[in-house]
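Below is the structure, and that's it, no one-letter string:
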């Protein structure tokens, strides 16, 4: 039997870094607002609870991936998954968030009622138990951007013929014994360059099989600047200074890569060449066909990937797969790679709103037909915000400022006596631009039709620029002439301008 509807001011979907951060900001900035969190897993942490593959770690420094309000105190700033998971738990404990979380429930639908000015949300129990129902005045989607159910894996010819084991990193089996085994890792992204050196160090003979190279850059796992200033400054101040420094280093690196792609590419390749033995064909295996930051740079702590190759424990092969065989992989070049285990580190499936069926007054919402408003909300969809982090910086930087904006919006609604906040698009001819431009990673390329669109002017653009968006979300007026505030009766009468979008 379904339980009675629970009413809250804010319903947060997802208890990962974004959801726990959002709840902490609500606690600090809007203590008068009731909230609940719905999380489909049995524990909080999101990514850091889901992924269990060898070496799982952050792909950016924890001074920027960590929350603005909670210093990262571990020694390693390129942190392992267990430490990040613990950090999320510590945050939940400090801000008394855990009692608000409904674990083991997946939000399957959310329908906005204009007459009631609230969202009606259905969450199904993953174990088949009773559904939960919520009525929320504001819906805050913090469920991430990829499908937790399945990662992306192409269909490889002859896959059924392989006599060994095939593993996708998103569903890593417990107690997989790969010591002394021949392991082929297909892929060259962040997951692959994490797995390869760890498996190699733990006794596997590893081949990373890539169709094309990616840019790799080494950074110390322990930030020497942070370590030095923590000796004589209070923790919070040392964290704030290091965070400011690292944010600006990220911004400068991205700016320089865009302004001088050839110089940046040469520098990154030269850095890799200096760390690899002369026997390695750097031009074949480490020179990408794209410019830096057209895909994310692969961060490798303490040069672990380069060391595994230099020590002969791992190798890189650049080729195309023809088919799987009983004993490994036959390549189109004619070469055969022998393997006992094949790891398909081939990427993620990107989804919007955690696959929740969103509707307004019973009419289904296709986010691919809506425009982003300030990178937080969507035209003609009331009282809904979501977090989608940066592709060129740490995810949590966006989480903090989106939560700031939501809290400012809730306060403005209270000040006006409004119960509805709806960013209204009045230009049906707004150009339909990609959610992210000049970014060629496969998970984006496969999902452009599903993603919200950018317009050609503020506030209908996602800037991918932390400094600019921080100013917009924390300083710019909430009542900007685009956001329409109203009460429930007025909301029922509002006829939003329909977004006219031509088929691609």
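Done, it's in. These figures come from a predicted structure and were not determined experimentally. Numbering: from 1, shown residues only.

Looking at residue 498 now. What's its pLDDT?
You'll see residue 498 listed with a pLDDT of 36.

for residue 121, same thing?
Looking at residue 121, its pLDDT is 97.

what do you get for the one 5 residues further on?
At residue 126, the model reports a pLDDT of 93.

and what of residue 362?
If you check residue 362, the pLDDT there is 95.

Distance-wise, check it relative to residue 108.
15 Å (C-beta to C-beta, to the nearest Å). Any C-beta I mention is one placed from the backbone N, CA and C, and that applies to glycine too.

what are the ranges of the helices in the stretch 201-350 of the chain?
224-229, 235-259, 261-275, 282-285, 304-310 (DSSP state H, counting those that start in this stretch).

For residue 362 and residue 108, work out which one has more neighbours and name it.
Applying other C-beta atoms under 10 Å to residue 362 and residue 108 shows that residue 108 carries more neighbours, namely 15 against 8.

if we can go back for a sec, highest mean neighbour count out of the helices of the stretch 201-350 of the chain?
Of all those, helix 304-310 has the most neighbours on average by mean count of other C-beta atoms under 10 Å, namely a mean of 21.

neighbouring contacts of it?
Identification of contacts with helix 304-310 by C-beta atoms under 8 Å, 6 or more residues apart in numbering yields 193, 196-198, 200-201, 206, 216, 218, 272, 275-277, 280, 300, 314-316.

Any idea what the nearest residue to residue 136 once chain neighbours are set aside is bridged to?
Excluding the flanking residues, the one nearest residue 136 by C-beta to C-beta, 6 or more residues apart in numbering is residue 11, at 3.6 Å. With DSSP bridges as the criterion, the beta-bridge partners of residue 11 are residue 36, residue 139.

Looking at residue 11 now. What's its pLDDT?
98.

Any idea how many residues pack against it?
Residue 11 has 27 nearby residues by other C-beta under 10 Å.

picking up where we left off before, so which of the contacts of helix 304-310 belong to strands?
206, 216, 218, 300, 314, 315, 316 (DSSP state E).

who's in contact with the third one?
For residue 218, the contacting residues are 271, 275, 299, 300, 301, 302, 303, 306, taking C-beta under 8 Å, 6+ apart as the criterion.

Could you verify my assumption that the fifth one touches residue 217?
The reference is to residue 301. No - the pair residue 301 / residue 217 is not scored as a contact, 10.5 Å apart, by C-beta atoms under 8 Å.

Tell me which of those two has more neighbours.
Remark: of residue 301 and residue 217, residue 301 carries more neighbours, 23 against 15, as counted by other C-beta under 10 Å.

what about the spatially closest residue to residue 203 that is not a sequence neighbour, neighbour count?
Take residue 203 and drop its neighbours on the chain: the residue closest to it by C-beta to C-beta, 6+ apart is residue 179, 3.7 Å away. Using other C-beta under 10 Å, the number of residues around residue 179 comes to 8.

do the one 5 residues further on as well
Summarising burial for residue 184: neighbours were counted as other C-beta under 10 Å, giving 22.

Then residue 351?
Residue 351 has 18 nearby residues by other C-beta under 10 Å.

Tell me, what's the model's pLDDT at the residue lying closest to it once chain neighbours are set aside?
Excluding the flanking residues, the one nearest residue 351 by C-beta to C-beta, 6+ apart is residue 147, at 4.9 Å. At residue 147, the pLDDT value in this model is 76.

in this structure, what secondary structure element scores lowest on mean pLDDT?
Within the chain, no helix or strand scores below helix 488-493, which has a mean of 48 by mean pLDDT, DSSP states H and E.

how long is stretch 68-76 from one end to the other?
Start-to-end span of stretch 68-76 (C-alpha to C-alpha, to the nearest Å) is 18 Å.

before we move on, what about stretch 136-150?
29 Å.

ok, now stretch 146-166?
21 Å.

residues in contact with it?
When contacts are defined by C-beta under 8 Å, 6+ apart, stretch 146-166 is touched by residues 40-41, 50, 168-171, 176, 321-328, 330, 339-342, 344, 346-351, 354-355, 442-443, 446.
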